[in-house]
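J.: Need coordinates for the below:
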Amino acid sequence: MSTLRNNDVLVARTGTILRVAFNRPRSLNALTTPMLNTAARAIENSGTDAGVRAIVLTGTGRAFSSGADLAANGEVGEEGTPDPVIIDAANRLTMAVCRVPKPVITAVNGPAVGVGCSFAIAADFTVAKESAYFLLAFANAGLMPDGGATALIPAAVGRARANRMAMLAERIPASLAVEWGLIAATFPDDAFETEVDQLATRLAEGPTVAYAETKRAFNATVLAQLPQALEAEREGQSALFRTADFAEGVAAFRQKRAPRFSGT
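T.: Presented below is the predicted three-dimensional model:
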């Protein structure tokens, strides 16, 4: 096994399987721009590496990801609002997962929140621990879903359920996520890593050229509007970063109270 550690992302190759793991367990894998670009670059590079036949994206510790870390150094622009560069990095990772001509598994080892939920759903196979859950928490901070969620979630569960997730910020347990068709499968927590390894090995030993064409065809139909959704999310989120509701959402989170939104 060859292993590369780059800041807060672990990239490891075991045989023909590439594993990419968010690695800030103390923050529940809150994501920074460098982390997103590192993960995206690893997946992009694997697309032309004949030695990689399957990819696993996961997190270390108790969570898959708690979402974007908007308070991290370098993530705030001159006006004191989050820099849209983090949206660009998130979009890059989503497109890398969707476009790489290799099967991608997201192994959701715990909560997948905010843009972490977007990445989890972008994969070809999303599998989760029974204790995991999915949460589009954006509305709680006066924001909209990003990372491609406005295309990925409705494509998986339909518009009505997507609105429940996005506007009400409902926590979706892994068992319900399977029932809805949001993810492919759940596994018992104590057997999760073994089950993920078996799935990754099965895919790596399969007809990967056929998988690539299948993936391309599915995404060309089901996710044909993903690039447009990413651009619309970038535009909308950048505007929302400057609203009073976003400022209130952040203040409420820090003060551990319910937000009082004004609609401005």
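J.: gap between whichever strand or helix holds residue 210 and the chain center?
T.: Following DSSP states H and E, one finds residue 210 within helix 208-222. Averaging C-alpha positions (C-alpha atoms, centre = their mean, to the nearest Å) puts helix 208-222 20 Å from its chain's average.
J.: again, but for stretch 95-105
T.: With C-alpha atoms, centre = their mean, you get 12 Å for stretch 95-105.
J.: Can you show me the helices along this structure?
T.: Here the chain has its helices, by DSSP state H, at 33-46, 85-99, 115-122, 149-157, 159-168, 174-180, 192-204, 208-222, 226-240, 244-255.
J.: Quick one: mean pLDDT for the third one?
T.: What it means is helix 115-122. Averaged across helix 115-122, the pLDDT comes to 98.
J.: For residue 160, grab the count of nearby residues.
T.: When counting by other C-beta atoms under 10 Å, one arrives at 8 neighbours for residue 160. C-beta here means a position set from N, CA and C on the backbone, and glycine is covered the same way.
J.: and what of residue 154?
T.: 18.
J.: got a list of what residue 37 touches?
T.: 89, 92, 93 (C-beta atoms under 8 Å, 6 or more residues apart in numbering).
J.: Quick one: which of those residues is the most crowded by neighbours?
T.: In those, the most neighbours by other C-beta under 10 Å go to residue 93, 28 neighbours.
J.: Neighbours of the closest residue to residue 82 other than its chain neighbours, how many?
T.: Leaving aside its sequence neighbours, residue 82 sits nearest to residue 70 (C-beta to C-beta, 6 or more residues apart in numbering; 4.5 Å). Using other C-beta under 10 Å, residue 70 has 20 neighbouring residues.
J.: returning to that earlier point: can you check what angle separates the helix holding residue 210 from helix 85-99?
T.: In terms of direction (axes from the mean of the first three to the mean of the last three C-alpha atoms, to 10 degrees), helix 208-222 departs from helix 85-99 by 120 degrees.
J.: what residues does helix 208-222 touch?
T.: So helix 208-222 is contacted by 53, 54, 98, 99, 101, 102, 103, 124, 155, 203, 226 (C-beta under 8 Å, 6+ apart).
J.: again, only this time at 10 Å
T.: With contacts defined as C-beta atoms under 10 Å, 6 or more residues apart in numbering, helix 208-222 is touched by 16, 47, 50, 52-54, 98-104, 122, 124, 151-152, 155-156, 203, 207, 226.
J.: measure residue 192 to residue 263 for me?
T.: 42 Å (C-beta to C-beta, to the nearest Å).
J.: ok, those two, which is more surrounded?
T.: residue 192 (21 against 7).
J.: Which pLDDT does the model give that one?
T.: For residue 192, pLDDT reads 98.
J.: give the contact list for it.
T.: Counted by C-beta under 10 Å, 6+ apart, residue 192 has contacts 58, 107, 108, 109, 127, 128, 129, 130, 131, 132, 186.
J.: And the furthest pair within those?
T.: The distance between the two most remote of these (C-beta to C-beta) is 15.7 Å, for 58 and 130.
J.: Wait, residue 130 touches residue 174, no?
T.: Yes. Using C-beta atoms under 10 Å, residue 130 is in contact with residue 174, at 5.7 Å.
J.: Quick check: closest non-adjacent residue to residue 139.
T.: Nearest to residue 139 is residue 169, by C-beta to C-beta, 6+ apart, at 4.8 Å.
J.: how much does the helix holding residue 210 deviate in direction from helix 149-157?
T.: Using the same axes, to 10 degrees: helix 208-222 against helix 149-157 is 110 degrees.
J.: Could you list the buried residues of helix 208-222?
T.: Across helix 208-222, burial judged by 16 or more other C-beta atoms under 10 Å covers 208, 211, 215, 219.
J.: Closest to residue 244 out of these?
T.: residue 219 (37.9 Å).
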